[in-house]
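Trainee: fold the following, please.
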Amino acid sequence: MKRHSFLLLLLIVFVLTACSNEKESATTKSAGTQDIEQADKQANGLEEIKKIKLEVSEDTLMSLPPGTLMDVLSYEEDSKDLGNDIPKMDPAIKNQLPSQLEKLTKNTDDLDTIKKGLLALLASPHYKQVIEKSHAYQPKFEEPYLPDPTRSEGGEEVTAAKKAIILLDASSSMLLQSDGRVKMDIAKEAVKSFAQTIGQSSEVSLVVYGHKGSEKDEDMFESCSAIEELYPIGSYSKKEFNAAVDSIESKGWTPLAGAIQKAAEMSSNYLEGTTIYIVSDGTETCEGNPIQASRDLAAKNSSNSVNIIGFDVDGGTEDQLKAVAEAGNGEYFKADSPEELKNTIQSEWLPSTLDLAWAFTMAPDGWEVAEEYKMGEQYPLQLWTIGSRESHRLRDAIMIMGENKWITDEQQNELRDWAMERSEAIKEVYYVMYKENREKADAKSKEIRQRVDEWVEKMKVLKQERGDIW
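Mentor: Numbers count the residues shown, from 1 in each chain. As a prediction, the model looks like this:
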C-alpha cells in the first residue's frame, strides 16, 4: 500500500513539473516575440526617418511630412508674425518630447539620422499650404476702363457732359446672376470705371435707388421713396466715389421715375447741360411714369439727356427703357453680358484731349505698385515665420538632449548650427518666392500701362480723323 502511494506521489510531481516548464517556455517565447516585434518596429521607424530630405528648397519643403507632434499647431498660429518675441513651445508638445528624443538617441548616434528624426517630430505641417498660396498669387490692380468707339454698332460719337449724374439701380433683381456673377457686383465695377474716365473732365454724382427695405409688399413705400445721392455732384475722387459704390446693397423695389425726378431736381440749378446715365435691369415697379419724368427733365434744358444701359433685360423691360431714353433725348444701350456692359456703358463717347492727358492715372502708380508688392510678400513672409518657429523648436529639442546627456557637447553644437543654417536656408526660399511675386506685379503693371498708352494713341488718331482738337 505504501509503495502505491509513493508511486502516485511521484506521478503528480512529474505532471506539475511538466506543466510548469511548458508555461515558462510559452512565456519566454512570448517575450522573445515581443522583443523581435519591437525591434522591427524601431527599425522600420528609422527607415521612414531616413527618407526625409535635409536639403532646403521649395520642393523638399512641400514634400516634408508634418512632424508627428505638430497636430496641435494651426496654420494661423504657425504663420503669425513673431515680431520681437521668442516663441514658446506648446505644453502639449513639451510634455511628449523628452521621451521621444530619448528613444531617438538610443536607436542611433548618426547625426544626419538624428536631424531627420527631429524633423519627423517637429517639422511644420504648413509648408505645402503656404508655398501653394504664394504660387497662386496674382496682382489685383484695378483694370482701366478703355472704351473704344470703334466697337460700337452705329450711333454718333458724343463728348462727355460737364456734369454727369449716374443713377444706379440697386433693386432686388440686381441680386440675380449673369454669367455666374451677381449683377450688382458687375454693375459696380462698370460704374467705378466709368466714373474714373468721365471724372477727368466732368463733375460727377452718384444716385442710388432700390437700396432700402425689401421686395416685400409691406416695404414698398420705404423702398420706393428711398432715392439717395451718395456722391454729391463735384470733382471726381476715386477713393470717395468707390467707397460710395461699395456701400450699396441691392434690396427692394424700382422707383425709376423717382430717380429721374431726383436727377431733374439736382440739375435744375445747373447752367450747363447735364447727362444722366442710368444702369438698370428692370422696369418701374413703384407706380411712377419714368417716360414722362425723362421728358420733363429734357424739357428743362435742351442740353440735358437721359442715357440708359439695360443690363440683361427681357423684351418688355427693354421696350420701356428704350422709351425712357428716347423721351429724354438720350440713347438706349443693350448689354446682355458683363463684357457687353463694360464696353457699352460709354461705348460711343470719345475722350477729350484733357481726358487723354490724364489717362496715365488709369495705370497703377507708385503707391499702388508698392501696395501690391506687400500683397505679394504676404505668403513668402509667412514661410519665413514658419521656418523661424520650427528652428526654435529644433533648438529647444537639441537643448533637452544635451541637458540629459543623450548627445555629446560636440554633437549638440553641430546640431544647433544645423538648426540655424536650416532657418537661413528657408529665408533664402522666402527671397526667391517674394522676387517671383514682385516680378508678377511689375509685369502686370507694365502690361496695364502699355494698354493705356496704346488706347491713348488710338483715341488721338480717331480725334484727328474727326477734326476734334479738344
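
Trainee: what about the helices in the stretch 351-470 of the chain?
Mentor: Taking DSSP state H, counting those that start in this stretch as the criterion, the stretch 351-470 of the chain carries its helices at 353-357, 366-403, 409-466.

Trainee: for the longest one, packing partners?
Mentor: For helix 409-466, the contact count by 3 or more CB pairs under 8 Å, 6 or more residues apart in numbering; DSSP states H and E identifies helix 58-63, helix 111-122, helix 127-135, helix 353-357, helix 366-403 as packing neighbours. All C-beta atoms are positioned from the backbone trio N, CA, C, and that covers glycine.

Trainee: for the shortest one, which positions count as buried?
Mentor: Within helix 353-357, the residues that qualify as buried by neighbour count (16 or more other CB atoms under 10 Å) are 355-356.

Trainee: show the average pLDDT along that helix.
Mentor: For helix 353-357, mean pLDDT rounds to 79.

Trainee: in CSV, list the helices of the stretch 351-470 of the chain along with distance to L175.
Mentor: Formatted as CSV, the helices of the stretch 351-470 of the chain follow (distance: least, CB to CB, whole Å):
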stretch, distance to L175
helix 353-357, 34
helix 366-403, 29
helix 409-466, 31
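
Trainee: tell me which of those lies nearest to S57.
Mentor: Nearest to S57 among those is helix 409-466; the distance by CB to CB comes to 6.7 Å.

Trainee: centre of the chain to the closest one, how far?
Mentor: 18 Å (CA atoms, centre = their mean, to the nearest Å).

Trainee: and if you look at stretch 351-360?
Mentor: 32 Å.

Trainee: now the end-to-end length of that stretch.
Mentor: Start and end residues of stretch 351-360 are separated by 13 Å (CA to CA, to the nearest Å).

Trainee: quick one: contacts of stretch 136-145?
Mentor: 190, 192-194, 196-197, 342, 346, 362-364, 368, 372, 375-376, 378-379, 437, 440-441, 444-445, 448, 451-452, 455 (CB atoms under 8 Å, 6 or more residues apart in numbering).

Trainee: just stretch 308-318 next, same as before
Mentor: The contact list for stretch 308-318 (CB under 8 Å, 6+ apart) reads 178, 183, 186-187, 277-283, 321-322, 324-325, 330-337, 341, 344-345.

Trainee: and the closest residue to G273 other than its chain neighbours, how many neighbours does it have?
Mentor: With sequence-adjacent residues excluded and distances taken as CB to CB, 6 or more residues apart in numbering, G273 is closest to S303, at 2.3 Å. Number of residues near S303 (other CB atoms under 10 Å) recorded here: 17.

Trainee: and S303, how far is that from E272?
Mentor: Using CB to CB, to the nearest Å, we find S303 at a distance of 7 Å from E272.

Trainee: what of R295?
Mentor: 20 Å.

Trainee: higher neighbour count, those two?
Mentor: More neighbours surround R295 than the other of R295 and E272, with 18 against 13 (other CB under 10 Å).

Trainee: residues contacting that one?
Mentor: The contact partners of R295, by CB under 8 Å, 6+ apart, come to 327-328.

Trainee: in what helix or strand does it lie?
Mentor: helix 290-300 (DSSP states H and E).

Trainee: shaky segments in the stretch 251-400 of the chain?
Mentor: 338, 342-350 (pLDDT under 70).

Trainee: what's the most buried one of the helices and strands packed on helix 409-466?
Mentor: Among the helices and strands packed on helix 409-466, helix 111-122 has the highest mean neighbour count (mean count of other CB atoms under 10 Å), at a mean of 21.

Trainee: circling back to that earlier point, adding distance to S223, write the helices and strands packed on helix 409-466 out as CSV.
Mentor: Formatted as CSV, the helices and strands packed on helix 409-466 follow (distance: least, CB to CB, whole Å):
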stretch, distance to S223
helix 58-63, 53
helix 111-122, 60
helix 127-135, 42
helix 353-357, 37
helix 366-403, 37
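
Trainee: out of these, flag the one nearest S205.
Mentor: Closest to S205 of the helices and strands packed on helix 409-466 is helix 353-357 (CB to CB; 18.4 Å).

Trainee: using CSV, write down the CA coordinates of the closest one.
Mentor: Extracted C-alpha coordinates of helix 353-357, given in CSV (Å, rounded to 0.1, in the frame of the first residue of the first chain):
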residue,chain,number,x,y,z
THR,A,353,-7.7,115.9,-75.1
LEU,A,354,-7.8,116.6,-71.4
ASP,A,355,-9.1,113.0,-70.7
LEU,A,356,-6.2,111.7,-72.7
ALA,A,357,-3.7,113.8,-70.9
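
Trainee: which other helices and strands contact that helix?
Mentor: Counting by 3+ CB pairs under 8 Å, 6+ apart, helix 353-357 packs on helix 409-466.

Trainee: hey, what's the angle from the helix it packs on to helix 127-135? Just curious.
Mentor: Angle of helix 409-466 versus helix 127-135, following axes from the mean of the first three to the mean of the last three CA atoms, to 10 degrees, is 20 degrees.

Trainee: any idea how far K238 is from K460?
Mentor: 24 Å.

Trainee: just L119 next, same as before
Mentor: According to CB to CB, L119 stands 50 Å off from K238.

Trainee: one more: I86?
Mentor: Counting by CB to CB - I86 and K238 are separated by 44 Å.

Trainee: same question, Y137
Mentor: For Y137, the distance to K238 - CB to CB - is 24 Å.

Trainee: those two - which one has more neighbours?
Mentor: Y137 (19 against 13).

Trainee: checking that one next. Helix, strand or coil?
Mentor: coil (DSSP: H, G, I helix; E, B strand; the rest coil).

Trainee: also V72?
Mentor: Going by three-state DSSP: V72 is coil.

Trainee: neighbours around the closest residue to it other than its chain neighbours, how many?
Mentor: Of all residues not flanking V72 in the chain, A92 sits nearest, at 5.2 Å (CB to CB, 6+ apart). For A92, the neighbour count with other CB under 10 Å is 12.

Trainee: on the pLDDT front, check A92 for me.
Mentor: Looking at A92, its pLDDT is 85.

Trainee: ramachandran angles for it?
Mentor: Backbone geometry at A92, expressed as degrees, to the nearest 10, gives phi -60, psi -40.

Trainee: again with V306
Mentor: phi -120, psi 110.

Trainee: please apply the same query to A164.
Mentor: The phi/psi pair for A164 (degrees, to the nearest 10) is phi -130, psi 130.

Trainee: pretty sure it contacts V207?
Mentor: No. At 11.1 Å, A164 does not count as touching V207 under the criterion of CB atoms under 8 Å.

Trainee: in the stretch 1-150 of the chain, where is pLDDT below threshold?
Mentor: For the stretch 1-150 of the chain (pLDDT under 70), the answer is 1-46, 148-150.
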